[in-house]
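1. Here is a sequence with its predicted model. Questions after.
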There are 6 protein chains.
Amino acid sequence: MRPSRRATDEMRAVSFERGVLRHAEGSCLVKFGETHVLVAATLEERLPPWLKGQGRGWVTAEYGMLPRATHERTRREVTAGKPSGRTQEIQRLIGRSLRAVVDLQKLGERQITVDCDVIQADGGTRTASVTGAWIALHDCLSWMKTRGMLPTIPLRDHIAAVSCGIVDGEPRLDLDYAEDSDAETDCNFVMTGAGGFVEIQGTAEKTPFTEGEFNAMVGLARKGVTKLVDLQKLAVA
Amino acid sequence: MRPSRRATDEMRAVSFERGVLRHAEGSCLVKFGETHVLVAATLEERLPPWLKGQGRGWVTAEYGMLPRATHERTRREVTAGKPSGRTQEIQRLIGRSLRAVVDLQKLGERQITVDCDVIQADGGTRTASVTGAWIALHDCLSWMKTRGMLPTIPLRDHIAAVSCGIVDGEPRLDLDYAEDSDAETDCNFVMTGAGGFVEIQGTAEKTPFTEGEFNAMVGLARKGVTKLVDLQKLAVA
Amino acid sequence: MRPSRRATDEMRAVSFERGVLRHAEGSCLVKFGETHVLVAATLEERLPPWLKGQGRGWVTAEYGMLPRATHERTRREVTAGKPSGRTQEIQRLIGRSLRAVVDLQKLGERQITVDCDVIQADGGTRTASVTGAWIALHDCLSWMKTRGMLPTIPLRDHIAAVSCGIVDGEPRLDLDYAEDSDAETDCNFVMTGAGGFVEIQGTAEKTPFTEGEFNAMVGLARKGVTKLVDLQKLAVA
Amino acid sequence: MRPSRRATDEMRAVSFERGVLRHAEGSCLVKFGETHVLVAATLEERLPPWLKGQGRGWVTAEYGMLPRATHERTRREVTAGKPSGRTQEIQRLIGRSLRAVVDLQKLGERQITVDCDVIQADGGTRTASVTGAWIALHDCLSWMKTRGMLPTIPLRDHIAAVSCGIVDGEPRLDLDYAEDSDAETDCNFVMTGAGGFVEIQGTAEKTPFTEGEFNAMVGLARKGVTKLVDLQKLAVA
Amino acid sequence: MRPSRRATDEMRAVSFERGVLRHAEGSCLVKFGETHVLVAATLEERLPPWLKGQGRGWVTAEYGMLPRATHERTRREVTAGKPSGRTQEIQRLIGRSLRAVVDLQKLGERQITVDCDVIQADGGTRTASVTGAWIALHDCLSWMKTRGMLPTIPLRDHIAAVSCGIVDGEPRLDLDYAEDSDAETDCNFVMTGAGGFVEIQGTAEKTPFTEGEFNAMVGLARKGVTKLVDLQKLAVA
Amino acid sequence: MRPSRRATDEMRAVSFERGVLRHAEGSCLVKFGETHVLVAATLEERLPPWLKGQGRGWVTAEYGMLPRATHERTRREVTAGKPSGRTQEIQRLIGRSLRAVVDLQKLGERQITVDCDVIQADGGTRTASVTGAWIALHDCLSWMKTRGMLPTIPLRDHIAAVSCGIVDGEPRLDLDYAEDSDAETDCNFVMTGAGGFVEIQGTAEKTPFTEGEFNAMVGLARKGVTKLVDLQKLAVA
């Protein structure tokens, strides 16, 4: 029995609240159960220096966590003077995932920065971030289209992410904190609406995993992402 | 006429939502109009090194702002590698204000850290932070009392804060961003429930202010703080 | 009785020694009793990026303290890698105070940086800095006028600063270190020669202060600043 | 045809030169073709603070790259003042991989730090690092056993790593720089001698990859790791 | 003819003003012509961690320069976040020079930090610092002896330093800024009262120097140091 | 008897291996006995900002040490966030030494960066670095000449460096680590092929040294540099 009494292939309750920030061009409060991430998409008419003059735009992401999002208070990263390796790894993952479905040529010479700030953490903050980031990015692009800055929304597909793990020898979908800290193996999958893989990150926390276990997790991930994409479609409909 | 159509002595709509964070010992989402600050109070059984073994506790505060709380996106402070002078000034102000009404002897050798994170900014983030911080601190102390860690809540009084300014030659209460960026003078007042002053910070942004103008702002501040304290009482009743 | 045997409304001995640095366009060694601050004004034909091309200049300030200015040696800020919150707060205060009386349009597209370095500290380093900075700035502008770079000195008024406090329940003018570390309340006032307020910073260190106490401090501050401005006039005559 | 004229399932020439550093307890110069990594294992009789007194040891890794290991000179990380996100990601990967096969209980309260410094880079620096790190770690543990510090070498298995990619639509083993910068998909696999997975990192650089493509890469990786483990066995025999 | 009209073997006017800082255990304002350095010696009853429990003390030095000590304003080192290579090189030189004549055993488990802060610079700031630092250190040790903390002053000899250079092909003693920036070769000599060498730093700024030129500089340095030591003796007599 | 059984005027075995790095325009693995330094010269078509538009080039150097080059592992400088004073001192020395023999006018508006990374340390890393850097710089300039970027190699002379010391009262040439850590005096000499001095750095580690001792070290250094320059000539012949 999972701590949350969910079936092994059952996601937590997922919700998207759009337009929660007054100033942002696109924003979304995404919840995967008790994991809550506030996502803001910002349009800027500037580009990183290495991209100037190439006729295409850029989408990047930053990730943060409020100090008391966690069970114990976490020290602010500014106190350490630099983002942790974990933070950098996650924000690079979010950025790559979004860029996989944006047509940067059609975006034009502009940058969209997607900020994912974890308000409350209960496992899966990176997968919730990727999934909510797609909504905020979509709404930012839609804002631009409404203002005539873009003829169409330059998104080729949906992007959503989910974690799977092996806990007590059993493959499970969408781990919460209690399961995550106990898992033998932890995998994150980023997939498109069409079912293609954009990112797979699997780590054996305790014992190496087998090809069979991995394939079982792939199957669960596919099921979870399908559901997340359906919910994204409902949200932006 | 003020941009918000308020009377010169009229505060914005103020609200406190308690218990918004699952993990924190005390928490509060405070709103002064469109300024929204998420406050979390964390109890820790440790002390800063210079305070150890003196039989008393400590209350400190940290302040942050999400990148897209503002009209234009603000760069994360971790990117610069250190908190700005403004951030440090504000978090020291919040800490001093709270300590003015806590009995640190009765708290015992423990530290409470109050994190004030601005979700959305529309002027007055430091005054909203101080005012909401009192609620989160109260609830953290109450949590401790419930668990038998304290016989009573060691708070001597309420603390609340409000800004006043001279805009178009007219003293006004509780400036929003539109007024704040246009004010000749900007003053912040931190006061106790009993009406004592804990902090006064007045700055002439354009032309020096007179003793008469200052006294008019003191009167407005008193009115605003009285209202804030009444709302705090309702909130924790 | 004050530790220094001064009357409650009596300033310490104040002196200005002009032209103490061979290379600076304006310089001044200001003493408020045993508090000694070396001030240097530097003219540079450049501007901060955000001010370029607007036809006006800029005046800014930096503040530092030699390691053994204090009773105990203080670690150099460069060792910590960043200026402390206190340093940043003070240098922003000095800069704002000076800009309140300079006509930046008439200065033209140039920057004057005023460095205030505390050689010896005995309370009131920020108020001595502001007061001496006006002299160094005046002399820098005068140096420019002599060389035909300015038709007149673009200063609208004097600026001087003084601290007041409540010590043993008694309002007192110009606290030295012994009083400052013992004060219930500590207020800094920055005022113009015409008697306008540019900055008020009041903090209750122990117990909240009343409106009556605050007004008593305002009266003392007015008296102190009047004296400082008279001494500035004598110094630059 | 691959730029290196290799078959799609053919690794580059791999070699291990042991004992290349006079001072290190274990060391190895590992070459995957033109990618050369110098690995040093250091034994220290100390532990990270959070691990003290638990009766077990720790294995950690650091990763660096000489400025002219690359085609264009790369700025030293010390100049930026902090390790890049990429560096942190790689050194965490190496450390996790090694810990998956070390019996930390049997190691006792000691730390082994494995430094992987890239002398010359031509793609696959992280996989060469993991594979060579196993040799240096083995030799460090063997050094300890020889001196009676350990009864046996507390290694449960081999660890080796290899990259695979989809280039021009074709799954290929062990990408060099020319292929890596051109790949549609890039996957790194860390596996044990027994064939278990310790880490899978797959990223679609251009277009999402399918489950079929992924499975083809898994097959290639298994082949490559088998060869690497054979070579490790020869090297330490 | 030298810019200062001095003979080639003539030092600038040298003076030591002792006891200039109220709080320091020893202090000295040293002037080599227009180069002015404020030196403060601080006694602390603590030691660097690596020296604890060895029954001997430590003498260290720090060096700084006020921003407008120089012709053009120099940026504060705290702004860059770290001391420059030049600063570190000079403060290590001062520390080594002082330790060469202190009996650290007799000092006991205490640390003396000697801060050398350049108020005004006109060449030779490091040699003036070393020479003045000896005075401040002497006075700090004398202060300790007076208070019964030491039976005698644990100084084995004097230490003084002077620069020499080749300018226009001519060896010259004690270069000022005008000569220093024009010199072909610049050498700094640190010597004891007994005539032993503690430090020699010679650099060809333009063309390599010969053994004959170097020996001529050694002769000048010996003459200069003899004079400086005589002046130190007068100062502390 | 020296620990290495060398005569007092005998250098360690010295060798230069050229072209060891595939990507660098010039490279060299230099060995002074067990001290091994990998040197890479990089040509870049850019200049430091302060040198632009003056029609001449620049040669600079950076120095690093792999963590396990030393007997005990040394922490990476990036972990401390800044290069140590020692590192900065050495890299400035290497850069000055090379510039003493390069005709920067003839180099044209380009920069050559010479990276010296210590693979293994056994005393004398800075002298080995300077000596090997000349080879890498030569080969970089030769590479440019071959490609028609320069009509001739703009080097005026050789540069080589060697350390001398007083150990057990005896002047010795080319100290290794065992002697260096035990020396009373340690001197580094940088000289040209023609026998001119470019840099002399002498430090009394224990007791001051005499003029006679210094002259004995100068004689040894001359002998050592003569040999090093002969070996350089053989290497590039």
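-> Nice, thanks for sending it over.
2. what residues are up against residue A:70?
-> When contacts are counted by Cβ atoms under 8 Å, 6 or more residues apart in numbering or on different chains, residue A:70 touches A:121, B:23. From N, CA and C alone the C-beta is placed, and that goes for glycine too.
3. Find me the pLDDT at it, would you?
-> pLDDT, residue A:70: 96.
4. What sits closest to the residue nearest the centre of chain A if chain neighbours are left out?
-> Among the residues of chain A, the one closest to the centroid is residue A:130, at 1.2 Å (Cα atoms, centre = their mean). Counting by Cβ to Cβ, 6 or more residues apart in numbering or on different chains, residue A:161 is the residue found nearest to residue A:130 once chain neighbours are left out, at 3.9 Å.
5. Put the alpha carbons of the worst-scoring helix or strand of chain A on mean pLDDT into CSV.
-> Across the helices and strands of chain A, mean pLDDT, DSSP states H and E gives its lowest value to helix A:77-80, namely a mean of 88. Provided in CSV are the C-alpha atoms of helix A:77-80 (Å, rounded to 0.1, in the frame of the first residue of the first chain):
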residue,chain,number,x,y,z
GLU,A,77,20.6,30.2,-2.1
VAL,A,78,21.5,33.8,-2.1
THR,A,79,23.0,33.2,1.4
ALA,A,80,25.4,30.7,-0.1
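6. any residue of the helix or strand just after that helix up close to chain F?
-> For helix A:77-80, the following helix or strand on the C-terminal side (DSSP states H and E) is helix A:85-99. No - Helix A:85-99 stays clear of chain F (Cβ under 8 Å from any Cβ of the partner chain), getting no nearer than 12.7 Å.
7. Measure how helix A:85-99 sits relative to helix D:85-99, angle-wise.
-> 110 degrees (axes from the mean of the first three to the mean of the last three Cα atoms, to 10 degrees).
8. Helix A:85-99 packs against which elements?
-> If you count contacts as 3 or more Cβ pairs under 8 Å, 6 or more residues apart in numbering or on different chains; DSSP states H and E, helix A:85-99 packs onto strand A:58-65, strand A:111-120, helix A:125-146, strand A:159-167, strand A:185-192, strand A:197-204, helix D:85-99.
9. Pick the most buried one from the ones you listed.
-> Mean neighbour count (mean count of other Cβ atoms under 10 Å in any protein chain shown) peaks for strand A:159-167 among the helices and strands packed on helix A:85-99, with a mean of 28.
10. who's in contact with the residue in chain A positioned nearest to chain F?
-> Ranked by Cβ to the nearest Cβ, the top residue of chain A for proximity to chain F is residue A:81, at 7.6 Å. Applying Cβ under 8 Å, 6+ apart, we find residue A:81 in contact with B:78, B:81-82, C:81, D:82, F:81.
11. cutoff 7 Å now
-> Listed by Cβ atoms under 7 Å, 6 or more residues apart in numbering or on different chains, the contact set of residue A:81 reads B:81-82.
12. residue with max distance from the center of chain A?
-> residue A:53 (29.6 Å).
13. Which residue, other than its chain neighbours, is closest to that residue?
-> residue A:109 (7.9 Å).
14. My guess is that neighbour contacts residue A:58. True?
-> No - assessed by Cβ atoms under 7 Å, residue A:109 is found out of contact with residue A:58, at 8.9 Å.
15. Could you name every residue contacting both of those two?
-> Jointly contacting residue A:109 and residue A:58 under the rule Cβ under 7 Å, 6+ apart are residue A:47.
16. where does the residue farthest from the centre of chain A land in three-state SS?
-> Following DSSP: H, G, I helix; E, B strand; the rest coil, residue A:53 is assigned to coil.
17. Same check on the one 3 residues further on?
-> Three states are possible here, and by three-state DSSP the one that applies to residue A:56 is coil.
18. Run a quick neighbour tally on the residue nearest to it when sequence neighbours are not counted.
-> Excluding its sequence neighbours, the residue lying closest to residue A:56 (Cβ to Cβ, 6+ apart) is residue A:104, at 4.4 Å. The tally of other residues near residue A:104 (other Cβ atoms under 10 Å in any protein chain shown) stands at 17.
19. where does residue A:104 fall, phi/psi-wise?
-> phi -70, psi -30 (degrees, to the nearest 10).
20. what's the first-to-last distance across stretch A:114-132?
-> 10 Å (Cα to Cα, to the nearest Å).
21. Next, see if stretch A:37-51 gets close to chain F.
-> No - judged by Cβ under 7 Å from any Cβ of the partner chain, stretch A:37-51 stays clear of chain F, getting no closer than 14.2 Å.
22. Provide the contact partners of that stretch at residue level.
-> A:20-21, A:24-30, A:58, A:109-119, A:125, A:128-129, A:132-133, A:136-137, A:139-140, A:144, B:66, B:68, B:73.
23. Does anything pack onto the helix or strand in which residue A:230 is found? Which helices or strands?
-> Element membership for residue A:230 (DSSP H and E) is helix A:211-236. The contact analysis (3 or more Cβ pairs under 7 Å, 6 or more residues apart in numbering or on different chains; DSSP states H and E) places helix A:211-236 against strand A:14-18, helix A:125-146, strand A:159-167, strand A:170-173, strand A:185-192.
24. if I pick the residue lying closest to residue A:183 once chain neighbours are set aside, what's in contact with it?
-> In space, and not counting its chain neighbours, residue A:183 is closest to residue A:165: 3.9 Å by Cβ to Cβ, 6+ apart. Residues near residue A:165 by Cβ under 7 Å, 6+ apart: A:172, A:175, A:179-180, A:183, A:185-187.
25. Among those residues, which one lies nearest to residue A:98?
-> Using Cβ to Cβ, residue A:187 comes nearest to residue A:98 of those, at 20.2 Å.
26. What pLDDT is listed against the nearest residue to the closest one once chain neighbours are set aside?
-> Among residues not flanking residue A:187 along the chain, residue A:202 sits closest, at 4.0 Å (Cβ to Cβ, 6+ apart). Residue A:202 is assigned a predicted lDDT (pLDDT) of 96.
27. separation between residue A:94 and residue A:60?
-> 9 Å (Cβ to Cβ, to the nearest Å).
28. Next, the contact list for the residue nearest to residue A:67 when sequence neighbours are not counted, please.
-> Nearest non-adjacent residue to residue A:67, counting by Cβ to Cβ, 6+ apart: residue B:115, 4.8 Å away. For residue B:115, the contact set (Cβ under 7 Å, 6+ apart) comprises A:66-68, B:39-40, B:62.
29. what about 6 Å?
-> Residues counted as contacts of residue B:115 (Cβ atoms under 6 Å, 6 or more residues apart in numbering or on different chains) are A:67-68, B:40, B:62.
30. which one of the residues you listed sits closest to chain D?
-> Nearest member of these to chain D, counting by Cβ to the nearest Cβ, is residue A:67, at 19.4 Å.
31. Quick check: the gap between that closest one and residue B:82.
-> As judged by Cβ to Cβ, residue A:67 and residue B:82 stand 17 Å apart.
32. coming back round to it: any idea how far residue B:67 is from the residue of chain A closest to chain F?
-> 18 Å.
33. Same check on residue A:38?
-> Distance from residue A:38 to residue B:67, by Cβ to Cβ: 11 Å.
34. Next: residue A:86.
-> Look at residue A:86 and residue B:67: by Cβ to Cβ, they are 19 Å apart.
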